[in-house]
Structures are given as structure tokens and as C-alpha cells.
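> Here is a sequence together with a model predicted from it:
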Amino acid sequence: MGRHTQAKCKLCRRENEKLFLKGEKCLSAKCPFTRRAYAPGQHGNSKRRKSDSEYGIRLREKQKARRIYGLTEGQFEGYFDVAVRKKGATGEKLLEFLERRLDNVVYRLGFAPSRQAARQLVRHGGVEVNGQKTNIPSCQTKPGDAIKIRPRVIALVKANQEKFPDHTPPVWLTQKSDNEGEIVAVPKREEIDTVLEEHLIVEYYSR
């Protein structure tokens, strides 16, 4: 995927919300969003900022979702196209597919401090799915899949777990050990804590 090379904390400021893109830093007093909770740029703190139109509100929600999961525009549209063809609410199906990405599952299990770190862990061959090394972050997991951290990166995973000792995986995942977890169900909307109004994303693409 295309890399975002600018400061990721600017993305949080642009969306006026913490997106938790930097792991531990987002929870510390050093978080730039905590110190400067306004949009980046010369006029970011201006009191005369123009309010968003209906289109702008939908666009921002789509951009926020794309940035949370770390996807390019083409990737995100691809997930939306698949969600449209599935039975059920399109917005909920979209979030389900995003949550079932392997990099997101690794992050949700607490094996990495952020989705970006989880993606790097997968890319570098540090994760196995059902006993097979997998280096594709976008791999769609399914109930019954076993996710295991390979021995050569266990030290990194344990260091992260020590920083976040209170981390609890969502109910559709179970952590069997410090380096192994399993997908036990398809995530439901009420089990996904990502703060998004998915109907606005559907409206954006339906315009």
C-alpha cells in the first residue's frame, strides 16, 4: 500500500479526534492532539474556520475510517464495493471486513501497539495463520483461524504487552497465550469500538 510519510499526529488533528495511530504516544502527555487540538496548518486555529457542508461531513467520516485502518483510497473503495454486494447493512459489512484484516486482528489481540506496527509485524513474516507464515496484512481472517506470533519476534510482542497490561481483546477474539489467539466469531457492530458513523460513509459513496 502507499505510505503516509507525513506526521501521523496531524491526521488526528485534521479529523479533530484521536485516531490512536501511534500506540503508547497517544496515551501520553506528549500526544500532539492533546496539546494542539485543532487542525494543522496556518489557519488551523482560526476562529473563522468554515463549517463543513453535508458533503464535507461525509467526506471527513470516510477519511477518518480510511486513516484509522491505514488504507489507500483504492483499497477502501474496494472494501466498500465488496460490502455493497453482501446481504445486510452495507456500513456494518464494511466495518466487519476492515476488522477481519489480519493486521487489525494482530492489533486487537494486543500483539502490537498500533495497526501500523501490526502491519509491519505481519509484513516481516512474524505472524502465522493456522500454522502457515503469512505476510499479507490485508488477509481476511475467519472464525476458527488461529493467529500465532513466530518465535523470532515474541520478545517484541511481550515488550508491548508489558506496556499495555490491561489490554482486553474484543469478544469475537480470544487470546490463548501470550503469543497466540483465535477468531471465535464474525465481529458484530456492537462489538466494534471504532467510533465511526458508517452510514455517512455509505451516503458519501452513494451520492
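It's in.

> could you pull out the helices for this structure?
Ranges of helices in the chain, per DSSP state H, are 9-15, 32-35, 54-69, 73-84, 90-99, 102-108, 115-123, 154-163, 198-205.

> Which one, of these, ends up nearest to residue 191?
helix 90-99 (8.7 Å; CB to CB). (Each C-beta comes from the backbone N, C-alpha and C, glycine too.)

> Next up, phi/psi of the nearest residue to residue 164 once chain neighbours are set aside, please.
Leaving out its chain neighbours, the residue that sits closest to residue 164 by CB to CB, 6 or more residues apart in numbering is residue 110, at 6.3 Å. In terms of degrees, to the nearest 10, the main-chain angles of residue 110 are phi 90, psi 20.

> Residue 169 against residue 183, yeah?
No - here residue 169 does not reach residue 183: they are 10.2 Å apart, not a contact under CB atoms under 8 Å.

> From the neighbour counts alone, determine which of those two ranks first.
residue 183 (22 against 17; other CB atoms under 10 Å).

> Can you tell me the centre-most residue of the chain?
Among the residues of the chain, the one closest to the centroid is residue 69, at 3.3 Å (CA atoms, centre = their mean).

> Tell me how many other residues surround the nearest residue to it once chain neighbours are set aside.
Spatial nearest neighbour of residue 69, excluding adjacent residues (CB to CB, 6+ apart): residue 98 at 5.0 Å. Residues lying near residue 98 (other CB under 10 Å) number 24.

> With residue 78 as the reference, measure out to residue 98.
Going from residue 98 to residue 78 by CB to CB, to the nearest Å gives 11 Å.

> How about residue 111?
Residue 111 is 26 Å from residue 78, by CB to CB.

> residues in contact with the residue nearest to residue 69?
65, 69, 71, 79, 104 (CB atoms under 8 Å, 6 or more residues apart in numbering).
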